[in-house]
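>>> no FASTA, just this:
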């Protein structure tokens, strides 16, 4: 019998990426992110690619590893207008109470209207001494070239040459997590789920919830 899992926490939530190695990124890209963590410093970052492949999780993992003060906004929740710019400027122009690094995560930044992007590109540079930005986007083509030029871009879509390595790493990670959670599983089922739903980490986690509980 499977042991009870955390009260109120779905298995799919417990299987969300918690470390950089849980992400669908190549070893080379993971190495770059790990070096940022070691330096305790990041540039402005743009994570883009299909939905469900770990962009937001990657941002949160980085913020936690940096022990940064985080401010999180969602571009779609603001309707892409000027209100989001005003809120970001308020945060970006204040100092951390505990002298921590500050990071602003703008999730679904591709919802930002061109006028808001034009305003933000100035503020991103003006506040560079006080705060770093991480943007996530499903459709990177909706971000203007001037905005994109201010970020180090990382594509989360997995290339054909990297897929086998990433799949094998994810399978091992899921098996380790399921053992830790005392969830019964068979290795063929884990492999089948990962290979069938890859690279959508959200769908993989949801399928584990369906198949194993």
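Received it, and whenever you're ready, just let me know what you need. Just so it is clear, the model here is predicted, and its values are computed rather than measured.
>>> Contact partners for residue 146?
When the contact criterion is C-beta atoms under 8 Å, 6 or more residues apart in numbering, the partners of residue 146 are 117, 118, 121. Yep, even glycine has a C-beta here, placed from its N, CA and C like the rest.
>>> Let's see that with 7 Å instead.
Shown in contact with residue 146 (C-beta atoms under 7 Å, 6 or more residues apart in numbering): residue 121.
>>> immediately after the helix or strand hosting it, which helix or strand?
Here residue 146 is covered by helix 145-148, with elements defined by DSSP states H and E. Moving toward the C-terminus from helix 145-148, the next helix or strand (DSSP H and E) is strand 152-155.
>>> got the buried residues for that next one?
Under the neighbour-count criterion of 16 or more other C-beta atoms under 10 Å, strand 152-155 has 154, 155 buried.
>>> what's in contact with the helix or strand just after that strand?
The element immediately downstream of strand 152-155 (helix or strand, assigned by DSSP H and E) is helix 160-180. With C-beta under 7 Å, 6+ apart as the test, helix 160-180 has contacts from 15, 21-22, 24, 26-27, 158, 185, 187, 190-191, 194-195, 198.
>>> Now helix 160-180: buried residues?
So for helix 160-180, counting by 16+ other C-beta under 10 Å, buried means 166, 167, 169, 170, 171, 173, 174, 177, 178.
>>> For stretch 132-151, the averaged confidence score.
What stretch 132-151 shows for mean pLDDT is 96.
>>> and that stretch, how far apart are its ends?
Its start and end residues considered, stretch 132-151 measures 10 Å (C-alpha to C-alpha, to the nearest Å).
>>> on that earlier part again, quick check: the two most widely separated of the buried residues of helix 160-180?
Farthest-apart pair in the buried residues of helix 160-180 is 166 and 178; separation 18.5 Å (C-beta to C-beta).
>>> hang on, residue 73 is in a helix, isn't it?
No. Assignment of residue 73 by DSSP: H, G, I helix; E, B strand; the rest coil gives strand, placing it outside any helix.
>>> Report the beta-bridge partners for it.
residue 106 (DSSP bridges).
>>> wait, isn't it in contact with residue 106?
Yes. The pair residue 73 and residue 106 qualifies as a contact (C-beta atoms under 7 Å) at a distance of 5.6 Å.
>>> out of these two, which sits in the busier spot?
Between residue 73 and residue 106, residue 106 has the larger neighbour count (other C-beta atoms under 10 Å), namely 24 against 17.
>>> Confirm for me that the more buried one is in contact with residue 72.
No. Taking contact to mean C-beta under 7 Å, the distance of 8.2 Å between residue 106 and residue 72 leaves them out of contact.
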